[in-house]
Every structure is written in structure tokens, then in C-alpha cells.
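here are the coordinates; sequence isn't available:
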């Protein structure tokens with residue numbers, strides 16, 4: 001610890017912090033920077049290729065389109081951080097939604113039916129985690145088994161037609177309704193308050209523990225960035241984006257506060273709790289974590305359970321958006337969820353990455369899907385481009401890890 005740090009209780013000046021950041025970049029720790037660059041490049045590209053990309057209605061649609069994938073990629077982060085994978089996350093959500101809709105249509109209270117869907121998620125996550133942590137079966141194999149089996153379960157639940165319509169207005173509203181104009185500004189104010197409070201709380205905790213803190217200017221810049229970007233987003237979303245002059249559509253989509261709340265809770269769990277620290281430790285070096293007294297098996301099982309629960313929320317978003325549940329629900333999107341996490345900078349080798357990075361990666365994938373659709377490209381081209389982006393992201397991750405001295409093999 002430097003003499004300056006000891007005297008000021010800060011990790012150097014603001015300039016020192018930026019120098020340290022660029023040093024990490026040179027060492028290969030790029031975080032979400034490649035995803036942010038891809039986001040900006042793709043946005044500029046599609047804006048030049050399609051006159052509809054930067055329209056108000058498409059701007060709002062991007063948030064709605066990205067919400068399901070964002071939640072699924074956030075779910076997968078918990079298992080990717082420990083160097084595992086869950087191919088069944090999407091079909092687990094689809095099966096849960098099939099149970100929910102079937103029971104609700106049969107007369108059960110929709111909240112109780114939804115609770116039973118989450119019970120399925122918890123049990124599925126526990127079973128997969130137990131096979132992986134207790135028995136030693138590779139997570140790829142266990143989750144692949146569920147990936148293959150659950151579509152059959154959905155067919156049995158949904159019947160010969162394979163489709164059931166959602167008839168719960170409260171769920172349908174999540175992806176199809178918006179906050180009132182004033183609600184967007186209230187949401188922004190809450191985000192600024194929470195960002196400031198968490199920053200000050202972190203500084204207080206570090207001071208109490210005798211650890212140096214970053215300069216207060218970093219917190220000011222962070223809050224200012226949230227205010228500028230958030231304010232611009234709310235202002236745009238509050239504009240009338242309806243093509244029908246007799247039926248205006250304006251306001252922040254209702255799914256945004258839902259998604260932000262869930263992501264905040266999950267991020268808090270990863271960044272500021274003992275469980276989060278243990279999760280990163282297990283992902284970085286499971287043997288060292290075991291010798292440090294961390295219950296590795298319990299952490300792995302819990303990670304799979306959290307993954308399944310968050311995946312179920314993505315299933316709610318999906319069924320809310322399309323208005324029905326079908327037997328193929330969740331089969332394809334899980335691969336896009338993995339792609340979003342990796343594109344966002346979450347390492348497939350475990351131990352590195354953040355939920356915010358996965359959210360950025362989800363926006364990259366959503367922009368690819370949205371932009372290619374607007375310029376008339378086929379679904380085949382969409383999958384090819386997404387696969388190419390994933391391959392590039394995985395290569396960057398491997399090279400960055402190799403450059404920083406990390407091992408490409410798990411202990």
C-alpha cells in the first residue's frame with residue numbers, strides 16, 4: 001500500500017485510477033469494453049442501413065426485446081462464474097410457464113400457480129446442482145438431459161395443440177404496458193438515490209475496515225453518468241411513439257423497473273455478500289476455496305438454484321410478450337443467453353464477470369436481431385452473425401485470460 005494511500009485513505013488520485021484501469025486493459029482484463037464497443041458500432045451500422053432503427057417505437061422495442069434475454073443471461077452468469085453451464089435454463093422456464101398457464105386456466109389462483117412454477121425452478125436447480133456437486137456428473141450432461149426431457153413434459157401439459165394462451169392481465173401488462181410519464185422520472189430519481197446510497201455505503205464499509213476507497217470524484221462521475229444517460233432515455237421513452245394519432249403510446253415500458261429491480265438484487269448478492277465472494281472464489285480456484293473453508297458443493301448447488309429461478313423470470317417476460325406458451329419455449333433462447341453473457345465479458349472459464357456485463361451483452365444480441373430484421377435479413381443470417389460474434393467474444397476471453405497469466409484449464 002502506497003504512502004499516499006495511507007495518508008489519504010484513498011486508492012490514489014483520479015488520474016491514478018485511470019492509469020490503473022488502462023494498465024488492466026493492457027494486461028488483458030477488458031471487462032465489458034469490447035461489448036460496449038460492439039454496441040456502439042452495431043447501433044451506428046444499423047442506423048445507417050435502416051431509416052427505422054432510430055425511430056421512437058423501435059427504441060422502446062429494443063428494451064422490450066432485450067428484457068427476456070437479459071434476464072436469462074443474468075441467470076446463466078451464476079453458473080458460468082463457477083465454470084459450469086446450464087443448458088436447461090430456457091426449457092425449465094418454458095415448463096414452469098406451461099404449468100402456470102395450465103393451472104390458471106384450470107381455475108387455480110394465478111399467484112399460486114406462479115408460485116408452483118417457481119417451486120419447479122428451485123427443484124430443478126437443486127437436482128442439477130446436486131448431480132454436479134455431489135456426484136460429479138458434468139453440468140453439460142445433466143442440463144442436456146433436462147434440455148431434452150422438458151419439451152416432452154411441456155407437450156404432455158399443453159396437449160396435442162402444443163400451445164396455450166395466457167389469460168392473466170397482470171402478467172400480460174409487464175411487457176405490453178408503460179409507466180405514466182411521471183413514473184419514468186420517479187424511477188430515474190430512485191436509481192440516482194440508490195446509486196448514491198450504495199456508493200456512500202461502500203465507502204463507509206471500506207473506511208470501517210481500514211481499507212482505502214476510491215476518490216469521491218468517481219462516485220460523482222458515476223451518479224452523473226446515470227443522470228445523463230437515464231434522463232435522456234426517460235425523455236425519449238416519454239415521447240409519443242404510437243403510429244396511431246388517436247391512441248398515443250408513451251412512457252417507460254413497465255418491464256424496465258421489473259428488470260432493474262431484479263438485476264439490482266442479483267448484483268447486490270454477487271458484489272456485496274459473502275455468498276458472492278465465495279462464488280467468485282469457487283469459480284477462480286475450487287480447490288483453494290475448499291481449503292479456505294468454503295463449502296464448495298453448497299455454493300454450486302445454490303448457484304444452479306438461483307439460475308433456475310432467474311430463468312423462470314425470463315420465462316414470465318417471454319410469455320407476457322408473446323401472449324402464449326408453446327412446447328418449444330426456451331429451446332433456442334438459452335444458447336443466445338450464453339452468447340449474451342460471453343459477449344458481455346463473463347469468462348467461460350469461471351471466476352470473472354458481472355451481471356451488468358451480461359446485460360450489455362444481451363443488448364448486443366438484441367440489436368443484432370432487431371437490426372437484421374429491419375434490413376430484411378433472414379433468420380439464418382441472424383444465427384450466423386450471432387454465432388460469429390460469440391466466437392469472437394470467446395476468443396477474446398481466452399486470449400485475455402492467457403495474456404493475464406490465467407490458466408485455461410480448471411482444477
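Yep, it's here. Source: prediction; values computed, not measured.

please make it C-alpha for all contacts and neighbour counts, starting now.
Fine.

and the residue lying closest to residue 76 once chain neighbours are set aside, what element?
Nearest residue to residue 76, sequence neighbours excluded (CA to CA, 6 or more residues apart in numbering): residue 307, at 5.8 Å. Element membership for residue 307 (DSSP states H and E) is helix 296-322.

for that helix, what is the distance to the chain centroid?
11 Å (CA atoms, centre = their mean, to the nearest Å).

what comes up buried for that helix?
Neighbour-count burial for helix 296-322 flags 296-297, 299-321 (criterion: 16 or more other CA atoms under 10 Å).

surely the residue nearest to residue 76 and residue 87 touch.
No: Residue 307 lies out of contact with residue 87 (CA atoms under 8 Å); the separation is 10.8 Å.

now the helix or strand hosting residue 101 against helix 296-322, angle please.
Applying DSSP H and E as the criterion places residue 101 in helix 89-105. Interaxial angle, helix 89-105 versus helix 296-322 (axes from the mean of the first three to the mean of the last three CA atoms, to 10 degrees): 60 degrees.

just name whatever secondary elements the very next helix or strand once past helix 89-105 is in contact with.
As assigned by DSSP H and E, the chain's next helix or strand after helix 89-105 is helix 110-130. Secondary-structure packing of helix 110-130 (3 or more CA pairs under 8 Å, 6 or more residues apart in numbering; DSSP states H and E): helix 89-105, helix 139-158, helix 296-322.

let's test this: mean pLDDT of helix 110-130, rounded?
Helix 110-130 comes out with an average pLDDT of 95.

for stretch 155-171, same thing?
The average pLDDT for stretch 155-171 rounds to 86.

quote the end-to-end distance of that stretch.
For stretch 155-171, the separation between the terminal residues is 22 Å (CA to CA, to the nearest Å).

if we can go back for a sec, let's have the helices and strands packed on helix 110-130 in a markdown table, adding distance to residue 60.
Formatted as a markdown table, the helices and strands packed on helix 110-130 follow (distance: least, CA to CA, whole Å):
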| stretch | distance to residue 60 |
| --- | --- |
| helix 89-105 | 24 |
| helix 139-158 | 32 |
| helix 296-322 | 13 |
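
and of the ones you listed, who's closest to residue 55?
helix 296-322 (20.4 Å; CA to CA).

my read is that residue 79 contacts residue 305, right?
No: the criterion here is CA under 8 Å, and residue 79 misses it with residue 305 at 9.4 Å.
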